[in-house]
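Participant: just need the structure, nothing else, for what follows:
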Amino acid sequence: MPKRTLPNYLTLIIKGLSMGAADVVPGVSGGTIAFITGIYEELVFSLKSVNADAFKKIFKNGLYAFWQTVNGNFLFSVFLGVLISVFSLARLLEYLLNSYPIFVWSFFFGLIIASAIYISGKIKHWNLIRILGLLMGIAIAYLVTQLSPAQTTEAYWFVFLSGALAVCAMILPGISGAFILLLLGKYQFILGAIGDLNVLILLIFLMGAIVGLISFSNMLSWFLKKYHDTTVAVLAGFMIGSLNKVWPWKKTTESFVDRHGEIQPLVEKNILPSAYETIYEANSYFIYAIIAAFIGFMLIFSIEYIMKKTWKKE
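Facilitator: Coordinates of the predicted model:
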């Protein structure tokens, strides 16, 4: 467990803020941001340590021993940032996606391409198994993004299940927890609960998220320990496959009315910028989209550069 100072923990909170912002967007994963900022594996292994043996230490050795075992300072800092971000940025991101969708999706498109390159670079030796893992990750993520959202119950048990499934996707780079909620028909429902501060729904959802997070992190940590490079290849594939979801120019084939009474896209099809201009008789902002994608792309390598220069001791 690395030794950290107060500035290090403030940095972790900022990373958590970035993860939370990404998780609100249907198509961008908090796991992607965790990978970019260099905390992914520590996050997975820290979550995995939250188990029955760790809780036994509370009675045997005290709360401090438990906190040390689960890397409590790290988890608290990251998830504090995530929670602050979700509750403070949910409405802002909703506004940006509604008002400037092409620019926002273009930015994330460039960001994810650079992230996939960055993560792939972590694999020193490629072989057939790792290449197949990459291709499998691409195929799975692409197929997930092709699924149509479902109409589902608002029963408490399904809210709990939605939390468990969404949070599993949250720590998978490339597969967005928000998008899983969209597929489950609960994205607007949970956003509404956040906006209205529906404490009961949020607590049930949070309980599901905690159970899903601890369970899934155990499985993922095992794969990272036993088959590290192959697992990373699959995760990189998830990111590449998710590009289908964040393509900036889309044609809406099905829509729905949100909680504000506004019509929102439900099922969309990717189209070329020229087709977008023809169908909607609107500017595709192609050049500006390229610039936004370039900014997203360069941001990843800028973060990597800053990490190497500033966060070496973390």
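Participant: now the residue of the chain positioned farthest from its centre: how far from residue 53?
Facilitator: In the chain, counting by Cα atoms, centre = their mean, residue 60 sits farthest out from the average C-alpha position, at 36.5 Å. With the distance defined as Cβ to Cβ, to the nearest Å, residue 60 ends up 10 Å from residue 53. Placement of C-beta: from N, CA and C, glycine included.
Participant: next one: residue 194
Facilitator: Taking Cβ to Cβ, one finds residue 194 at 34 Å from residue 53.
Participant: show me which of those two is the more surrounded one.
Facilitator: More neighbours surround residue 194 than the other of residue 194 and residue 53, with 16 against 10 (other Cβ atoms under 10 Å).
Participant: the closest residue to residue 221 other than its chain neighbours and residue 290, how far apart?
Facilitator: Nearest residue to residue 221 in three dimensions, chain neighbours excluded: residue 48, at 4.0 Å (Cβ to Cβ, 6 or more residues apart in numbering). Distance, residue 48 to residue 290, by Cβ to Cβ: 41 Å.
Participant: comparing the two, which residue is more hemmed in?
Facilitator: Taking neighbours as other Cβ under 10 Å, residue 48 and residue 290 compare with residue 48 leading, 22 against 13.
Participant: what helices and strands are in contact with the helix or strand where residue 117 lies?
Facilitator: Using DSSP states H and E, residue 117 sits in helix 101-120. Judged by 3 or more Cβ pairs under 8 Å, 6 or more residues apart in numbering; DSSP states H and E, the packing partners of helix 101-120 are helix 30-36, helix 228-241, helix 243-246, helix 286-310.
Participant: which residue packs closest to the residue nearest to the spatial centre of the chain, ignoring adjacent ones?
Facilitator: Per Cα atoms, centre = their mean, the C-alpha nearest to the average position across the chain is that of residue 29, at 1.8 Å. Excluding the flanking residues, the one nearest residue 29 by Cβ to Cβ, 6+ apart is residue 176, at 4.9 Å.
Participant: measure the one you found to residue 11 for me?
Facilitator: Remark: distance between residue 176 and residue 11 (Cβ to Cβ) = 24 Å.
Participant: neighbour count: these two, which is higher?
Facilitator: Neighbour totals were compared for residue 176 and residue 11, and residue 176 leads with 32 against 20 (other Cβ under 10 Å).
Participant: so the more buried one versus residue 13, what's the distance?
Facilitator: 22 Å.
Participant: ditto for residue 85
Facilitator: 10 Å.
Participant: more neighbours, the two?
Facilitator: With neighbours defined as other Cβ under 10 Å, residue 85 and residue 13 compare such that residue 85 has more, 23 against 18.
Participant: burial of the closest residue to residue 295 other than its chain neighbours, as a residue count?
Facilitator: Distance criterion Cβ to Cβ, 6+ apart; nearest residue to residue 295, sequence neighbours excluded, is residue 107 at 6.3 Å. Using other Cβ under 10 Å, residue 107 is surrounded by 24 other residues.
Participant: pretty sure residue 107 is touching residue 294, no?
Facilitator: No. Using Cβ atoms under 8 Å, residue 107 is not in contact with residue 294, being 9.3 Å away.
Participant: follow-up on the earlier one: got a pLDDT number for the residue nearest to the centre of the chain?
Facilitator: For residue 29, the pLDDT comes out at 73.
Participant: which residues in the chain form strands?
Facilitator: Using DSSP state E, the strands of the chain run over 250-257, 263-270.
Participant: for the first one, buried residues please.
Facilitator: Read that as strand 250-257. Neighbour-count burial for strand 250-257 flags residue 250 (criterion: 16 or more other Cβ atoms under 10 Å).
Participant: avg pLDDT for it?
Facilitator: Rounded mean pLDDT across strand 250-257 is 77.
Participant: what angle do it and helix 101-120 make?
Facilitator: Strand 250-257 runs at 110 degrees relative to helix 101-120, counting by axes from the mean of the first three to the mean of the last three Cα atoms, to 10 degrees.
Participant: partners of strand 250-257, with directions?
Facilitator: If you go by DSSP bridges, strand 250-257 pairs up with strand 263-270 (antiparallel).
Participant: mean confidence for the partner strand?
Facilitator: 74.
Participant: pull out the buried positions in stretch 287-298.
Facilitator: Quick answer for stretch 287-298 (16+ other Cβ under 10 Å): 289, 292-293, 296-297.
Participant: ok, now which ones touch the residue lying closest to residue 79 once chain neighbours are set aside?
Facilitator: Sequence neighbours aside, residue 16 is the residue nearest to residue 79 in space, at 6.2 Å (criterion: Cβ to Cβ, 6+ apart). For residue 16, the contact set (Cβ atoms under 8 Å, 6 or more residues apart in numbering) comprises 77-85.
Participant: perfect, that will be all.
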